[in-house]
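Q: model this:
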Amino acid sequence: MQKKDYKAYFDKIDAELLKISPYKDIMLLRVIAAAIPVVCFGLDAFYDIPTLYWLGLPFYLFCLLIYLEALLKTILLMHKVSAELLIVLVMTVTLIDGEPLSGAMVAWFIGLGLYVSFTIIRKNREKIESLIQEGKRTAKVLRGNDIEEMPIKQIQKDDVVLVPKGAMVPIDGIIIEGATSIDESTITGEPFPVYKEAGATVTSGTLNLTGPLQVRAEKNGDDSFISVITKEIENSLLNKSDMQQRADTTVQILLLSVTAYSFLLLFMTGSLHLMATALAVVCPCAWALATPTAFAANIGRLARANILARGGEPLESMQDIKTLILDKTGTVTMAEPEVSQVIEMGMPKQQLLELAASVESRFDHPIARSIINFAKKQGVTQFLSVKQAEDLPGRGIKARIDQQDILMGSVETLSSQNIEIPVVDYVGRAIWIAVDSEVKGVIVIRDIMLSEMQGLADTIRACGIEKVILATGDNEEQEAKRVADYINADEYYFNCKPEDKTELVKKFQASGKTAMVGDGVNDAPALAAANVGIAIGGHKNVNLAITSADVVILGNDAQDLVTILQLSHKMGGIIRQNYLWAVGFNSIGLALATFGFLNPIFAALLHHFSSVFVVVNAGRLYFTGIEQSIIGPIFRKMDEMARVKGICGKERLLTSSESTAKTDLKQQS
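A: Numbering: from 1, shown residues only. Here you go, the predicted structure:
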């Protein structure tokens, strides 16, 4: 039979098993099928009721067949062995040896542990995938006098695409008709709209804010910015499977070694009883559960805090991260402007604010809201009568108040009207206010800083990270430096395009594992390229950023980064404890079994004790009450013995970088 014939055969069997499985879960069916003979055989052993033995035997055989089917499927379709091999051997040998209770107990406990572990992991993965909602992937294309709506991937170079006001730009191209403000924050990280008119280029994934456009495609739809990013993300995620492949190889060797040893004992002694005992005590349940239970417990614990992880590997990798790169906009800042300074020039501050707020009251955008809110806090309660208010997309606003011409905007906007600009010192983005062509003041706007971000880099370095880097798409170095100083970053990079951030990740990967923290589509390639990609504020940008991220922080609390680091280090310590316990216990158990000091049932009980310890030890990541219980001091003592002093603790004294590297990545690249 060919592989596809085997697959069809096993698919039919699985379909029938699903029909009788509770909640359509075959793993749960395994647990129940093993639990019934455990109860029946156990009662028979204590009360000598043969009827219960014969009642449990069909369920025992059914459970054995379920595991045998899974084993054969793995061997024939994937050409490797799985943990089912040991379960099948234990159940077969103990049945032949007349001790099926120990075989049923082994099958039940392994099945239960794996069911709990993988159920938690599966539910969290499903929760992550439910966040990924692809938008409508079509665009309106002008063909002669007709407008055709077609998939973006079918757009050809030189096609003319209509982009309505408020719509996402679907392709990379040049504006041939229309003028508008473009929100590029999801692509470049620039928090303020950029004015574009005929002849200017636009990038797919940006948002058209104020006017309809006609755009001539410079590339085919498959070659657009969004499409290229998607392909790069998929490739990067595929490359992250190497660690899992090495782990699978180790498991194969372990399973085959245990099997070979059990047959060696049978060959040397001729005793099925001894073989069954050895398999029962050495069957590496504790070894098999050491990592997945810790992964599952940690994933579940983080999910309670609205932090979603794509499996345990990224959490394990967090222990070895040397460099952490933070995006600025939407990660360190809220991408919402605030008024930081008002500079009056020949007009009282209160009058200047009243004038500016009155004009801005005619518009609804982030800068307008920030100026109006600030003015109200400063006591401005009534607005002046405004006439002929007009938005100058991407440039500013003009209006008339009491027969006076008001112009608000950037230096370029006022200079274009031949208005003389005085020299003024400020930090942030200036909104100049001119009355009848004379500058009367400046309102300085800055992104809102998250208060919990102050000194964040110090806390991160206390968790073992050697270097914290700030990267931003802003083209103003002053703003990048202000934010870097606020969080006490080691270095900052400004004017970073998406490809620059990816190159930045690769640059620091040369000296160790690197994590990238971002929130927008512009971060997606860097998130995917990093050893660990963390999307913060994932409830807002739920497409490419979450697809590419290994860990998703749904809220905006930057302290969640510290939580991830702390729990990752704790998880690593628990996994090491579990492996040490498994190796030590199995070695002692194997020696006792080899010399005949154990029988199969007692071996199974000892094996269960070992496995219970591993599960409970991992479970304290999720059930915090375990460490407060009567057995808590045991685990705390174990942690003290295994913990690296100072990791995520207060013992480690850190000094901040005395000078911040000021580097324009664009100039370097």
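Q: Give me the below-cutoff pLDDT ranges for the stretch 501-650 of the chain.
A: Residue ranges of the stretch 501-650 of the chain with pLDDT under 70: 520-522, 537-548, 556, 608, 642-650.
Q: just so I have it, where are all the strands in it?
A: 513-518, 532-536, 551-553 (DSSP state E, counting those that start in this stretch).
Q: Same list, the ones you listed, but as a markdown table with distance to Phe635 and mean neighbour count please.
A: Backbone N, C-alpha and C define where each C-beta goes, glycine included. Listed next are the strands of the stretch 501-650 of the chain as a markdown table, based on distance: least, C-beta to C-beta, whole Å; neighbours: other C-beta atoms under 10 Å:
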| stretch | distance to Phe635 | mean neighbour count |
| --- | --- | --- |
| strand 513-518 | 28 | 27 |
| strand 532-536 | 27 | 29 |
| strand 551-553 | 25 | 26 |
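Q: Dump those into a markdown table; add distance to Ile171 as well.
A: Formatted as a markdown table, these follow (distance: least, C-beta to C-beta, whole Å):
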| stretch | distance to Ile171 |
| --- | --- |
| strand 513-518 | 24 |
| strand 532-536 | 25 |
| strand 551-553 | 28 |
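Q: Looking at the ones you listed, which is nearest to Lys376?
A: Set against Lys376 and scored by C-beta to C-beta, the strands of the stretch 501-650 of the chain come closest in strand 532-536, at 30.7 Å.
Q: now that closest one and strand 513-518, what's the angle there?
A: Compare the direction of strand 532-536 with that of strand 513-518 by axes from the mean of the first three to the mean of the last three C-alpha atoms, to 10 degrees and you get 20 degrees.
Q: so where's the longest helix in the chain?
A: Looking across the chain with DSSP state H, the single longest helix is helix 559-594.
Q: re earlier: wait, which of the strands of the stretch 501-650 of the chain is closest to Tyr579?
A: Tyr579 lies closest, by C-beta to C-beta, to one member of the strands of the stretch 501-650 of the chain: strand 513-518, at 21.3 Å.
Q: hey, where'd the helices end up in the stretch 1-150 of the chain?
A: For the stretch 1-150 of the chain, the helices defined by DSSP state H, counting those that start in this stretch cover 3-20, 26-47, 50-78, 84-96, 100-131.
Q: winner for burial among these?
A: helix 84-96 (a mean of 23; mean count of other C-beta atoms under 10 Å).
Q: how far does that helix sit from the chain's center?
A: 40 Å (C-alpha atoms, centre = their mean, to the nearest Å).
Q: Could you name the helices and strands sitting against it?
A: If you count contacts as 3 or more C-beta pairs under 8 Å, 6 or more residues apart in numbering; DSSP states H and E, helix 84-96 packs onto helix 50-78, helix 100-131, helix 242-269, helix 272-282.
Q: Can you report the mean pLDDT over the residues of stretch 323-342?
A: For stretch 323-342, the mean per-residue pLDDT is 83.
Q: Run me through the strand neighbours of the helix or strand containing Arg446, direction for each.
A: For Arg446, the host element (DSSP states H and E) is strand 438-449. With DSSP bridges as the test, strand 438-449 is paired with strand 333-344 (antiparallel), strand 429-435 (antiparallel).
Q: got the contact list for the last one?
A: Identification of contacts with strand 429-435 by C-beta atoms under 8 Å, 6 or more residues apart in numbering yields 192, 337, 347, 352, 355-356, 367, 371, 396, 404-411, 413-414, 417, 419, 421, 424, 439-446, 476, 479.
Q: what's near enough to touch Ala217?
A: Ile155, Gln156, Lys157, Asp158, Asp159, Val160, Val161, Ile171, Asp172, Gly173.
Q: Name the residues linked to it by a beta bridge.
A: Taking DSSP bridges as the rule, Ala217 bridges to Gly173.
Q: Against Ile401, how distant is it?
A: From Ala217 across to Ile401, the span is 44 Å (C-beta to C-beta, to the nearest Å).
Q: if I look at Arg310, how far off is Ala604?
A: 36 Å.
Q: Name the residue in the two with the higher neighbour count.
A: Using other C-beta atoms under 10 Å, the more surrounded residue of Arg310 and Ala604 is Ala604, with 27 against 21.
Q: Let me see the contact set for the closest residue to the more buried one other than its chain neighbours.
A: Once flanking residues are discounted, Ala604 sits nearest to Ser102: 3.7 Å by C-beta to C-beta, 6 or more residues apart in numbering. Ser102 makes contacts with Val90, Thr94, Ala276, Ala280, Pro600, Ile601, Ala603, Ala604, as judged by C-beta under 8 Å, 6+ apart.
Q: Specify which member of the residues you listed is nearest to Leu255.
A: Val90 (12.3 Å).
Q: now stretch 568-580, how far from the chain's geometric center?
A: That offset, for stretch 568-580, works out to 21 Å (C-alpha atoms, centre = their mean).
Q: cool, stretch 402-412 as well?
A: That offset, for stretch 402-412, works out to 46 Å (C-alpha atoms, centre = their mean).
Q: Can you list the buried residues in it?
A: Of the residues in stretch 402-412, Ile406, Leu407, Met408, Gly409, Ser410 count as buried by neighbour count, 16 or more other C-beta atoms under 10 Å.
Q: Can you flag which of those residues belong to strands?
A: Among these, the members falling in strands (DSSP state E) are Ile406, Leu407, Met408, Gly409.
Q: Distance to Phe363 and pLDDT added to the residues you listed, as TSV?
A: Output for these, formatted as TSV (distance: C-beta to C-beta, whole Å; pLDDT from 0 to 100):
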residue	distance to Phe363	pLDDT
Ile406	13	93
Leu407	14	94
Met408	10	93
Gly409	13	88
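Q: what would these look like in JSON lines with distance to Val483?
A: Formatted as JSON lines, those follow (distance: C-beta to C-beta, whole Å):
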{"residue": "Ile406", "distance to Val483": "32"}
{"residue": "Leu407", "distance to Val483": "30"}
{"residue": "Met408", "distance to Val483": "26"}
{"residue": "Gly409", "distance to Val483": "24"}
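Q: who touches stretch 66-78?
A: With C-beta under 8 Å, 6+ apart as the contact definition, stretch 66-78 has outside contacts at 3, 6-7, 10, 13, 17, 26, 29-30, 33, 80-82, 84-85, 87-88, 91, 107.
Q: Pick out the shakiest of the helices of the stretch 1-150 of the chain, pLDDT-wise.
A: helix 100-131 (a mean of 71).
Q: hmm, back to that, just the buried positions in the longest helix of the chain, please.
A: 560-565, 567-575, 577-578, 581-582, 585-586, 589-590, 592-594.
Q: now stretch 445-464
A: Neighbour counts over stretch 445-464 (16+ other C-beta under 10 Å) mark 445-447, 449-450, 453, 456-457, 459-464 as buried.
Q: from those, which is closest to Met516?
A: Nearest to Met516 among the buried residues of stretch 445-464, with distances taken as C-beta to C-beta, is Ile460, at 13.3 Å.
Q: Grab the nearest non-local neighbour of that closest one.
A: Once flanking residues are discounted, Ile460 sits nearest to Val468: 5.4 Å by C-beta to C-beta, 6+ apart.
Q: Now do that neighbour against Ile487, distance only.
A: Going from Val468 to Ile487 by C-beta to C-beta gives 7 Å.
Q: hey, what's in contact with both of the two?
A: By C-beta under 8 Å, 6+ apart, the residues touching both Val468 and Ile487 are Leu326, Leu456, Ala457.
Q: Strands - which of the residues you listed land there?
A: Under the assignment DSSP E, the shared contacts of Val468 and Ile487 contribute Leu326 to strands.
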